[in-house]
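Chemist: Show me the folded form of this:
(chains A and B)
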Protein chains: 2
Amino acid sequence: MAANIQDVVMLVGDSLTQQGWDKGGFAQLLAEMYVRKLDVINRGLGGYQTDWAIPICEQIFAKQHEQHHVPQVKLLTIWYGANDAAPAPSPQHVPIDRYKTNLSHIIQMVKSPTSAYYSPETRIILITPPPVNTKQWDRPDSPRVFETTRSYAEAVKEVGEKENVPVADVWTKIFDAAGKSEEACEKYLSDGLHLTSDGYNIVFQAVMDIVERVYPELDPTWEAHAKMQTVFVPWDQVNVQNPRSSLMKRKAQF
Amino acid sequence: MAANIQDVVMLVGDSLTQQGWDKGGFAQLLAEMYVRKLDVINRGLGGYQTDWAIPICEQIFAKQHEQHHVPQVKLLTIWYGANDAAPAPSPQHVPIDRYKTNLSHIIQMVKSPTSAYYSPETRIILITPPPVNTKQWDRPDSPRVFETTRSYAEAVKEVGEKENVPVADVWTKIFDAAGKSEEACEKYLSDGLHLTSDGYNIVFQAVMDIVERVYPELDPTWEAHAKMQTVFVPWDQVNVQNPRSSLMKRKAQF
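Modeler: As a prediction, the model looks like this:
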């Protein structure tokens, strides 16, 4: 019995997305930023990689004939790779060429006019996996390799170029913030693979930079030339004599 | 193009609910707790009171004929009073008897079989407004009175009893935690009216206590007798030979 009131920001990915609801996580920061304008829907699935993401996306994206009844996804972040980059024979491993094909496939599900999931109003941001700090990552049963994850991050940038989708290059931003030292990435990584709130803050800033630069119609900030408004009016704009007239929902985007 | 995958926890209220998306806020804590099981939908509107909440609820609750297409609200928190308790002639003021009637009205919208918004699967929790620390609240244009807010908190408990809805008595829990000292409430109140993360933690615990005690079917914790599961399987349960077969969404509730 939840009516469709706000359109959404949807986050798809692995544990880095799933943990985005933690204090200081990028889902929490986005939800705080877009409150009363867009809902944030977290579809991060810990441990998943892009082979498994495709059947998931076929379920979490609405088909065209369903889109009339559901919130529009105004902004979609796609953030895989931390598990695809696990070396074979891990079941999480996805070879880099198939990883790129899978990312393109997910993007084309949304962008291709011939796709059952075609959604032209959805703005997409790709996110690169962060660097791994192999000195910190203490899971010999599930190893990671610094240079391998770096190459998966590079692959995301290639996909972004090919598909004309902006990329939040979290790998480079975190590595640069750490002075290009794998061990100094510790400030941004809780266990060598997952992010601290400092790490998530870099993700959040990278996403919001792209929104400002590439998708300014989704800029939620209160500026002189605001592009978005709250769905229900600020309380001091309620018509006190005739409240009901002023309490009808509005479009969040001008 | 966001398909309906997870049912929801809906939070209705004023700024105390709206700010629930802040780090350590009760919306953030609930979203973290219910990740992959239920989405959290924040419908807190800063400055609003229960007169204005009714036309809002008429829009954010789905009518019966719409319910087939939208997520079910499994858990609904109703948290007003911080503004209703503003003394007249503030436009935010709602007399205490009407405040009680309004809360009952919102509950009956959901619980009454004759209501257009009837939703028998929705579990409701009422929340009392927290104490105000008038020594800390520095808004002479928008005063609050300690004893008045206390009486509005008492009124919520009366409504809960009348409507048979459990009450998270945040007023008492915070006042007790502060050793029954208005000034010591400062630890839980950022500005005398809104909550710190310590304050929100009390709210979150009070809500989860009710879930465990009254609505155990919505207990999201991983216990031996777990009542809920993730909508998509944990990654180590994916059938590696035939992933698609194991990646179909499931009901979050057993």
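
Chemist: Burial check on the closest residue to residue A:213 other than its chain neighbours, number of neighbours?
Modeler: Excluding its sequence neighbours, the residue lying closest to residue A:213 (CB to CB, 6 or more residues apart in numbering or on different chains) is residue A:166, at 7.9 Å. All C-beta spots, glycine's among them, are computed from the backbone N, C-alpha and C. Per other CB atoms under 10 Å in any protein chain shown, the neighbour tally for residue A:166 reads 18.

Chemist: and residue A:135, what does it touch?
Modeler: For residue A:135, the contacting residues are A:182, A:183, A:192, by CB atoms under 8 Å, 6 or more residues apart in numbering or on different chains.

Chemist: Need the per-residue pLDDT for it.
Modeler: The model reports residue A:135 with a pLDDT of 95.

Chemist: tell me which element residue A:58 is part of?
Modeler: Per DSSP states H and E: residue A:58 is located in helix A:50-60.

Chemist: helices or strands next to the helix or strand just after that helix in the packing?
Modeler: Per DSSP H and E, the first helix or strand lying C-terminal to helix A:50-60 is strand A:73-79. Counting contacts by 3 or more CB pairs under 8 Å, 6 or more residues apart in numbering or on different chains; DSSP states H and E, strand A:73-79 is packed against strand A:7-13, helix A:15-18, strand A:38-44, helix A:96-111, strand A:123-127.

Chemist: List the buried residues for the fourth one?
Modeler: It stands for helix A:96-111. For helix A:96-111, the neighbour count (16 or more other CB atoms under 10 Å in any protein chain shown) marks A:96, A:99, A:100, A:102, A:103, A:104, A:105, A:106, A:107, A:109, A:110, A:111 as buried.

Chemist: Residue A:157: neighbour count?
Modeler: Neighbour tally, residue A:157, other CB under 10 Å: 15.

Chemist: In three-state terms, how would it be classified?
Modeler: Following DSSP: H, G, I helix; E, B strand; the rest coil, the label given to residue A:157 is helix.

Chemist: Could you tell me the per-residue confidence at it?
Modeler: Model confidence at residue A:157 (pLDDT) stands at 98.

Chemist: quick one on the thing from earlier: quick one: contacts of the helix holding residue A:58?
Modeler: A:10, A:12, A:43, A:45, A:48, A:80-81, A:84, A:94, A:98-99, A:102-103, A:105-106, A:109, A:117, B:2-3, B:5, B:232, B:235, B:238, B:243-244, B:247-249.

Chemist: Counting neighbours, which of the residues you listed end up buried?
Modeler: For the contacts of helix A:50-60, buried by 16+ other CB under 10 Å: A:10, A:12, A:43, A:45, A:48, A:80-81, A:84, A:94, A:99, A:102-103, A:105-106, A:109, A:117, B:2-3, B:5, B:232, B:235, B:238, B:243, B:247, B:249.

Chemist: distance of residue A:151 from chain B?
Modeler: 22 Å (CB to the nearest CB, to the nearest Å).

Chemist: Run the chain-centre distance for the helix or strand hosting that residue.
Modeler: Assigned by DSSP H and E, residue A:151 belongs to helix A:146-163. Mean-position distance between helix A:146-163 and its chain equals 16 Å (CA atoms, centre = their mean, to the nearest Å).

Chemist: got a list of contacts for it?
Modeler: By CB under 8 Å, 6+ apart, helix A:146-163 touches A:81-82, A:84-85, A:87, A:96, A:99-100, A:103-104, A:107-108, A:111, A:126-134, A:165-167, A:169-172, A:182.

Chemist: If we use 6 Å, what do you get?
Modeler: A:81, A:85, A:96, A:100, A:103-104, A:107, A:126, A:128-129, A:132, A:134, A:167, A:171, A:182 (CB atoms under 6 Å, 6 or more residues apart in numbering or on different chains).

Chemist: that older thread, give the rounded mean pLDDT of the helix holding residue A:58.
Modeler: Helix A:50-60 shows an average pLDDT of 98 in the prediction.

Chemist: for it, which positions count as buried?
Modeler: Quick answer for helix A:50-60 (16+ other CB under 10 Å): A:50, A:51, A:52, A:53, A:55, A:56, A:57, A:58, A:60.

Chemist: coming back round to it: relative to strand A:73-79, how tilted is the helix holding residue A:151?
Modeler: Helix A:146-163 runs at 150 degrees relative to strand A:73-79, counting by axes from the mean of the first three to the mean of the last three CA atoms, to 10 degrees.

Chemist: Quick check: next helix or strand after helix A:146-163?
Modeler: strand A:167-168.

Chemist: List of residues touching the following helix or strand past that next one?
Modeler: Using DSSP H and E, the helix or strand that follows strand A:167-168 towards the C-terminus is helix A:170-177. Contact with helix A:170-177 is made by A:127, A:128, A:130, A:131, A:153, A:188, A:202, A:203, A:206, as judged by CB under 6 Å, 6+ apart.

Chemist: please redo it, this time with the cut-off set to 8 Å
Modeler: A:127-131, A:149-150, A:153, A:185, A:187-189, A:199, A:202-203, A:206.

Chemist: What is the helix or strand following that helix packed up against?
Modeler: Sequence order places helix A:197-214 as the next helix or strand after helix A:170-177, per DSSP H and E. Applying 3+ CB pairs under 8 Å, 6+ apart, one finds that helix A:197-214 makes contact with helix A:26-33, strand A:123-127, strand A:167-168, helix A:170-177.

Chemist: Burial-wise, tell me which of the ones you listed comes out on top.
Modeler: helix A:26-33 (a mean of 26; mean count of other CB atoms under 10 Å in any protein chain shown).

Chemist: if we can go back for a sec, is it possible to get TSV of the contacts of residue A:135 that adds distance to chain B and neighbour count?
Modeler: Converted to TSV, the contacts of residue A:135 look like this (distance: CB to the nearest CB, whole Å; neighbours: other CB atoms under 10 Å in any protein chain shown):
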residue	distance to chain B	neighbour count
A:182	26	17
A:183	27	12
A:192	18	21
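
Chemist: centroid residue for chain A?
Modeler: residue A:77 (2.7 Å; CA atoms, centre = their mean).

Chemist: so what's the residue in the stretch 1-150 of chain A positioned nearest to chain B up against?
Modeler: Here the stretch 1-150 of chain A gets closest to chain B at one residue, residue A:47, 2.8 Å apart by CB to the nearest CB. Contacts here follow CB under 8 Å, 6+ apart; on that basis residue A:47 touches A:14, A:15, A:83, A:92, B:234, B:235, B:236.
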